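*Asks:* 3D model of this:
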Amino acid sequence: MSPACPLSSTQLAQLATQIKLWGQELGFAAIGITDTDLSSHEPKLQAWLDQGYHGDMNYMAQHGMMRARPHELHPGCVRVISARMDYLPTNARFTRELKEPMHGYISRYAGGRDYHKLLRQRLKKLGDKIAAELATFSEWHTDYRPFVDSAPILERPLAQKAGLGWTGKHTLLLSEEAGSWFFLGELLINLPLPIDTPNQQDCGACTACITSCPTGAIVAPFTVDARRCISYLTIELDGPIAEHLRPLIGNRIYGCDDCQLVCPYNRAAPLSQEADFQTRDVWQDTNLLSLFAWDETHFLAKTEGSPIRRIGHRRWLRNISVALGNAPSHSDIIAALKAKLELYQHDSMLLEHFTWALTRQLQAEVNQDRKTARLIRIIEKGLSRDA
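*Replies:* I've put the predicted structure just below:
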């Protein structure tokens, strides 16, 4: 049995204040503290799983209710220190890329360095600072463990309980002063720190995120069917993308930000001060044909240290082929798709997507020829009438 915490309630309160200051020094925009009780979220989590809304993310179901029980994930912890770090890059260029069908849209969290390692390292440093502060108590062992979107834990409900924001109808955490352009991380710890007041704010009558979702993935307020979500389809899904959803994806080749783009709270969201979260030079030119031409070696080199690397070269080609199928017809696209069909003739999943995209391009080319021929006939008819 672990010894009782040697700090008084006053000392614990002072330490909680110090932890928040340390968090700011480490680059976190906000720190909140809460207990580990998420029992009220278990029925909703189970209902979501029962509906199959997690798609092929089997790990969601494998861990059962552990997601709502941090004390089972890290035995001995009694508090969760929730941390927020802003990631919106200074050169986001949302509108430009979404309006240019020949440019691939990449979710703005993924333009810089993979956030997992950076946040985990900062959280570990925070834990080290806490442990060092308590090192003078020889019988006390500060036990902590950092988590960043890589373990079965309901990070958004924890962050809301810790006062960092509220859950929006798109299921993302929202903050009145920061919108939703931020990452979350947690430090599970065995220290009985005072807890912060949960955030009780809500979105009111606003449904902008629901009505703007390209695929209708937000099936009800606070409920997302991952099987329709573009972020799931382009990042998590390993197999073929359902054909009826492909036209709705447009030119989004890695993730989707639409529900965040329309959110009123994101209008004044702060820009990230982290150099690692700024968009890399390689993503300044996202011409679909240029990206489609990358072989696996080139893909791995260009995505080193990037979260995009996790989808692998196959899914990269799959995603871009869908975007090419949605682009205006062009002979260069048709040639590129035909070349890939020859190169990947033994990969049934890629062949399916390349063939679909090529068919769309050829049909669009035929339709364009028909429109051109019709226009020529109208012009010729008008000229003959004038004559």
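*Asks:* Buried ones in stretch 114-126, by neighbour count?
*Replies:* Of the residues in stretch 114-126, those with enough neighbours to count as buried (16 or more other C-beta atoms under 10 Å) are D114, Y115, L118, L119, R120, R122, L123, K125, L126. Backbone N, C-alpha and C define where each C-beta goes, glycine included.
*Asks:* what about that stretch, distance to the chain center?
*Replies:* Relative to its chain's centre, stretch 114-126 lies at 17 Å (C-alpha atoms, centre = their mean, to the nearest Å).
*Asks:* what does stretch 244-260 give?
*Replies:* Centroid separation between stretch 244-260 and its chain, computed with C-alpha atoms, centre = their mean, is 12 Å.
*Asks:* cool, and stretch 320-338?
*Replies:* Relative to where its chain is centred, stretch 320-338 has its mean C-alpha point 26 Å off (C-alpha atoms, centre = their mean).
*Asks:* hang on, the earlier thing: with secondary structure, pLDDT and distance to W22 added, can I get the buried residues of stretch 114-126 in JSON lines?
*Replies:* JSON lines is the format used below for the buried residues of stretch 114-126 (DSSP: H, G, I helix; E, B strand; the rest coil; pLDDT from 0 to 100; distance: C-beta to C-beta, whole Å):
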{"residue": "D114", "secondary structure": "coil", "pLDDT": "94", "distance to W22": "24"}
{"residue": "Y115", "secondary structure": "helix", "pLDDT": "94", "distance to W22": "20"}
{"residue": "L118", "secondary structure": "helix", "pLDDT": "94", "distance to W22": "16"}
{"residue": "L119", "secondary structure": "helix", "pLDDT": "96", "distance to W22": "15"}
{"residue": "R120", "secondary structure": "helix", "pLDDT": "96", "distance to W22": "16"}
{"residue": "R122", "secondary structure": "helix", "pLDDT": "97", "distance to W22": "10"}
{"residue": "L123", "secondary structure": "helix", "pLDDT": "98", "distance to W22": "11"}
{"residue": "K125", "secondary structure": "helix", "pLDDT": "98", "distance to W22": "8"}
{"residue": "L126", "secondary structure": "helix", "pLDDT": "98", "distance to W22": "6"}
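*Asks:* how about the helix or strand containing L21: buried residues?
*Replies:* Under the criterion of DSSP states H and E, L21 resides in helix 9-25. Of the residues in helix 9-25, those buried under the neighbour-count criterion (16+ other C-beta under 10 Å) are L12, L15, A16, I19, K20, W22, G23.
*Asks:* Which other helices and strands does that helix contact?
*Replies:* Using 3 or more C-beta pairs under 8 Å, 6 or more residues apart in numbering; DSSP states H and E as the contact definition, the elements that helix 9-25 packs against are strand 30-34, helix 115-133.
*Asks:* Could I get the average pLDDT for it?
*Replies:* Averaging pLDDT along helix 9-25 yields 97.
*Asks:* now that we're looking at I249, which residues does it contact?
*Replies:* Contacts were defined as C-beta atoms under 8 Å, 6 or more residues apart in numbering; by that measure I249 touches P214, T215, I230, L233, T234, I241, V322, A323, N326.
*Asks:* still on that earlier bit, closest one to K44 among the helices and strands packed on helix 9-25?
*Replies:* In terms of C-beta to C-beta, the element of the helices and strands packed on helix 9-25 nearest to K44 is strand 30-34, at 17.9 Å.
*Asks:* CA atoms only for the closest one - export them in PDB, please.
*Replies:* Once non-C-alpha atoms are left out, strand 30-34 reads as follows in PDB (Å, rounded to 0.1, in the frame of the first residue of the first chain):
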ATOM      1  CA  ALA A  30      -4.100  25.800 -20.600                       C
ATOM      2  CA  ILE A  31      -3.900  23.200 -17.800                       C
ATOM      3  CA  GLY A  32      -6.900  21.700 -15.900                       C
ATOM      4  CA  ILE A  33      -7.100  19.100 -13.200                       C
ATOM      5  CA  THR A  34      -9.900  16.600 -12.600                       C
END
